[in-house]
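Chemist: One predicted model, sequence on top.
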Amino acid sequence: MTAPIANAPPIANGGADERANHEVTAVKERIDGLRHEVARVYVGGAHAMDTMMVALLARGHVLLEGVPGVAKTTLVKAFAVSLGCSSRRIQFTPDLLPADITGTYVLSPRDGTFSLRAGPIFANVVLADEINRAPAKTQSALLEAMQERQVTIEGDRFELPLPFLVLATQNPIDLEGTYPLPEAQIDRFLVRVTMGYPNARDEALMLRMHGTEPPLARARLNVQDVATIQAIASRVHIDDDLCDYAVALTTFTRTHPRVALGASPRATLGLVQAAKAHAVLDGRAFVVPEDLRAVGVAVLAHRLVLLADIEADARAGEQIVQEAIAKVSYRRGIRTV
């Protein structure tokens, strides 16, 4: 087993760049092990898994969307277990109340005092299953938690354990009994992963595995490991001209004729954070333009509010972001020594 990242040996006579490269190499090894562990349980393409790894390193939340039966819950449960952190699952239903998520004060009949009964939000990894089955009032219970890593109950503020990650699944909104997530809620998710049907080979493999004892995911990291790799990813270098490129990509969505509301500044920040994480997955301690392009659709497409005449097109947002990537050019800044 790989040695803990926090105890990685220093580089003799090495500078800051050598140390950063060493740290990123150590993180990549741990993430590859994490990916292998999840792949033991989840049968499907690597795209969804890789995007979740990006969100993990970038301290972001994940929204998985797909029709019922494509193993969304299987994937997030295996991912949560392999992190080795505390996890809780919330099954969203139309009658779920906000207090069922955050918790509430309850009266003790014995001594007549109130004590906090903490809800399932108090965990490192929260699995929000079928999040759009609950109405907006209940969905909003996650807003403060996802953005500020805290909850307010009866006027009292409580910090959530760190790291904190929400893995939410949802069915397409045209299915019966679903409520579309409001824009403010959507914007809290760093990435959206659209899960389609598996290819023929993966589905055949699933059939051969069915009826046998299913493999169980094992913890490959722990709370300290997750915090460490997130800190290393946040220190990945990004040039100023790449920040300008990220702003240009999001600005393109704000001026597009088919977009009613473009990507927010939070989306631009998320784009940079995700690009740093993608660089780590590629084994680099610095961001290149391809990192921003690679994560652009996952970070930006779900945040766009489209005009009514194209809103029903499920892929319209992705096409607009791909158009931005194709048309917005990257220009390297001129530096003087």
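Modeler: Structure's in. What do you need? Numbering: from 1, shown residues only.

Chemist: What residues of stretch 18-33 count as buried?
Modeler: Buried residues in stretch 18-33, defined by neighbour count with 16 or more other C-beta atoms under 10 Å: 20, 21, 22, 23, 24, 26, 27, 28, 30, 31. For the C-beta atoms, the positions are set from N, CA and C on the backbone; glycine is no exception.

Chemist: My error: substitute stretch 161-168 in the last question.
Modeler: 163, 164, 165, 166, 167, 168.

Chemist: for stretch 194-202, same thing?
Modeler: For stretch 194-202, using 16+ other C-beta under 10 Å, the buried residues are 194, 195, 198.

Chemist: and the closest residue to the last one other than its chain neighbours, how many residues sit next to it?
Modeler: Spelled out, that is residue 198. In this structure, residue 198 finds its nearest non-sequential neighbour in residue 44, 5.3 Å apart by C-beta to C-beta, 6 or more residues apart in numbering. By other C-beta atoms under 10 Å, the residues close to residue 44 number 22.

Chemist: Ramachandran angles for residue 44?
Modeler: According to degrees, to the nearest 10, the main-chain angles of residue 44 amount to phi 170, psi -180.

Chemist: From residue 268, how far out is residue 237?
Modeler: Distance of residue 237 to residue 268, given as C-beta to C-beta, to the nearest Å: 18 Å.

Chemist: same thing with residue 58?
Modeler: Here the criterion is C-beta to C-beta. By it, residue 58 lies 13 Å from residue 268.

Chemist: Which one's more surrounded, those two?
Modeler: Neighbour tally, residue 58 and residue 268, criterion other C-beta under 10 Å: the higher count belongs to residue 58, 26 against 19.

Chemist: Contacts only, for the more buried one.
Modeler: 190, 230, 233, 270, 273, 274, 276, 277 (C-beta atoms under 8 Å, 6 or more residues apart in numbering).

Chemist: How about residue 152, nearest residue that isn't a chain neighbour?
Modeler: residue 144 (6.4 Å).

Chemist: brain fart, residue 31
Modeler: That would be residue 53: by C-beta to C-beta, 6+ apart, it lies 5.6 Å from residue 31.

Chemist: Now do the SS call for that neighbour.
Modeler: helix (DSSP: H, G, I helix; E, B strand; the rest coil).

Chemist: ok, it - contacts?
Modeler: Neighbouring residues of residue 53 by C-beta under 8 Å, 6+ apart: 31, 34, 35, 277, 281.

Chemist: do the same with residue 57
Modeler: 27, 31, 229, 230, 233, 276, 277, 280, 281.

Chemist: got the contact list for whichever helix or strand the fourth one is part of?
Modeler: If I follow you right, that is residue 230. Following DSSP states H and E, one finds residue 230 within helix 223-234. By C-beta under 8 Å, 6+ apart, the list of residues contacting helix 223-234 from outside reads 4-6, 23-24, 27, 30-31, 56-59, 83-86, 124, 162-163, 221, 273, 276-277, 280.

Chemist: following it, which helix or strand shows up next?
Modeler: helix 240-254.

Chemist: list the buried ones in that following helix?
Modeler: Buried-residue list, helix 240-254, by 16+ other C-beta under 10 Å: 242, 243, 245, 246, 248, 249, 250, 252, 253.

Chemist: packing partners for it?
Modeler: helix 265-281, helix 289-300, helix 316-327 (3 or more C-beta pairs under 8 Å, 6 or more residues apart in numbering; DSSP states H and E).

Chemist: Among these, which comes closest to residue 217?
Modeler: Closest to residue 217 of the helices and strands packed on helix 240-254, according to C-beta to C-beta: helix 265-281, at 19.9 Å.

Chemist: Can you give the distance of the closest one from its chain's centre?
Modeler: 11 Å (C-alpha atoms, centre = their mean, to the nearest Å).

Chemist: May I have that helix exported as CSV, CA atoms only?
Modeler: Output of helix 265-281 as CSV, limited to C-alpha atoms (Å, rounded to 0.1, in the frame of the first residue of the first chain):
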residue,chain,number,x,y,z
PRO,A,265,-18.6,34.2,-11.2
ARG,A,266,-19.0,31.1,-8.9
ALA,A,267,-18.9,29.1,-12.1
THR,A,268,-15.6,30.8,-13.2
LEU,A,269,-14.1,30.0,-9.8
GLY,A,270,-15.3,26.4,-10.1
LEU,A,271,-13.8,26.2,-13.6
VAL,A,272,-10.4,27.1,-12.3
GLN,A,273,-10.6,24.8,-9.3
ALA,A,274,-11.7,21.9,-11.5
ALA,A,275,-8.9,22.6,-14.0
LYS,A,276,-6.3,22.4,-11.2
ALA,A,277,-7.8,19.1,-10.2
HIS,A,278,-7.7,17.8,-13.8
ALA,A,279,-4.0,18.8,-13.9
VAL,A,280,-3.3,16.7,-10.9
LEU,A,281,-5.1,13.7,-12.5
